[in-house]
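S.K.: need a structure here:
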Amino acid sequence: MIEFLYYFLIMPGLLFTAVAGLLSTWIDRKVTARIQWRRGPSWYQPFADILKLLGKETFVPKGPAKIAFISTPMLGLIAVPIVSAMLWHSNINSNAGYLGNLVVVILLLTVPSLALIMGGSVSKNPLSALGVKRELRLLSAYELPFVIAVLAVAVKTNSILLGGIASHQLIHGMNIASISGSIAFLVSLMVAQAQLGFVPFESTEAEQEIEGGPMLEYSGKLLAAFKLVKAMLLFTLPVLLITLFLGGVNAYTLSGALWFILKYIIILTLIILIKNTNPRIRIDQAVRFFRWPMTILALIALVLALKGW
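M.R.: Residues are numbered from 1 along each chain as shown. The predicted model follows:
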């Protein structure tokens, strides 16, 4: 029990993932500022923003929706650290975990979006309701190509165990080096962009249109929880991509740790560049993008993986 609480609350769970996620948010804001010829914030600014929100008053609607309104932001704070702990534990000890933990990770990664949908639904605000509709459509669109892309990885490595996928790459090379792996990586990268709510898939929150969408009525500590979950995803999703496509995490030695940091920075940079070099697209365009081009590419990756390419 104590070991479980340590893994979940401290390392590599909530505390570690939160700190790494907020630092990743700072990198995002710093690079974005440099692209726009601005100086950007100091490294501690994301931490200060969360602390500021924690000190603000939290407004909660009255009525039967009060419990749901308060509890939904906590769902992501539970799910994302569990995913992070599973990823790191599987990479450190390839024999750890249980058969099918990859499926559990995919399911848990839908929880932040579902929490956003539930929170916006009970907010009793028309703009929140519009954001909920957009999030539902986007979630239903990108989940299928993501599952197919991950299935292609499982077929190629002959494993649905996170540690097994990482171990296979240590012997046979990175999955991204193959044709099927590179296509599946591209699909997964686009899905990660949508899961983060980054441009060009920012229509769910779209502050210029619906003032934050599902999070419009949230404030104080509850809004801080949503912001922290998003920051943790910015760290966790690249780690998942590294595990699936870039040889996994080998942090036993200094060179291995530096190699992981380099791979992480590359993926984070790609996410930031996509965010800053594309306009936001309409929700119908985003849905079509995932239902057709991305789904077709994912199916191609699966077929090529079946053929061993």
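S.K.: So, low pLDDT: which residues of the stretch 201-309 of the chain?
M.R.: Along the stretch 201-309 of the chain, segments meeting pLDDT under 70 span 251.
S.K.: tally of neighbours for Ala18?
M.R.: Ala18: 21 surrounding residues under other Cβ atoms under 10 Å. Any C-beta I mention is one placed from the backbone N, CA and C, and that applies to glycine too.
S.K.: Does it touch Val229 like I think?
M.R.: No - counting by Cβ atoms under 8 Å, Ala18 does not reach Val229; the two are 9.4 Å apart.
S.K.: buried sites along the lengthiest helix in the chain?
M.R.: Of all the segments of type helix in the chain, defined by DSSP state H, the longest one is helix 126-157. Judged by neighbour count (16 or more other Cβ atoms under 10 Å), helix 126-157 contains these buried residues: 127-139, 141-146, 148-157.
S.K.: Give the next helix or strand downstream of it.
M.R.: Downstream of helix 126-157, the first helix or strand assigned by DSSP states H and E is helix 162-172.
S.K.: name the element Lys221 belongs to?
M.R.: Following DSSP H and E, one finds Lys221 within helix 220-245.
S.K.: What helices and strands are in contact with that helix?
M.R.: Contacts defined by 3 or more Cβ pairs under 8 Å, 6 or more residues apart in numbering; DSSP states H and E place helix 220-245 against helix 14-35, helix 45-54, helix 66-92, helix 111-121, helix 126-157, helix 162-172, helix 179-195, helix 254-276.
S.K.: which intervals of the stretch 51-200 of the chain have sub-threshold pLDDT?
M.R.: In the stretch 51-200 of the chain (pLDDT under 70), the answer is 63-64, 94-100.
S.K.: Try it again at 80.
M.R.: The stretch 51-200 of the chain contains residues with pLDDT under 80 at 61-65, 92-100.
S.K.: ok, Leu228 - how many residues close by?
M.R.: 25.
S.K.: ok, and what's touching stretch 125-138?
M.R.: 113, 116-117, 120-121, 123, 194, 201, 203-206, 210-217, 283, 286-287, 290 (Cβ atoms under 8 Å, 6 or more residues apart in numbering).
S.K.: now Val249: how far from Leu162?
M.R.: For Val249, the distance to Leu162 equals 10 Å [Cβ to Cβ, to the nearest Å].
S.K.: more neighbours, the two?
M.R.: Applying other Cβ under 10 Å to Val249 and Leu162 shows that Leu162 carries more neighbours, namely 26 against 22.
S.K.: The more buried one against Leu87, yeah?
M.R.: Yes - at 6.6 Å, Leu162 counts as touching Leu87 under the criterion of Cβ under 8 Å.
S.K.: Need the residues touching each of the two.
M.R.: Any residue near both Leu162 and Leu87 by Cβ under 8 Å, 6+ apart counts here, and that gives 105, 243.
S.K.: Need the nearest residue in space to Ala225, chain neighbours excluded.
M.R.: Pro73 (3.7 Å; Cβ to Cβ, 6 or more residues apart in numbering).
S.K.: phi, psi of the nearest residue to Glu217 once chain neighbours are set aside?
M.R.: Leaving aside its chain neighbours, Glu217 sits nearest to Ser123 (4.0 Å; criterion: Cβ to Cβ, 6+ apart). Taking degrees, to the nearest 10, you get phi -80, psi -20 for the backbone angles of Ser123.
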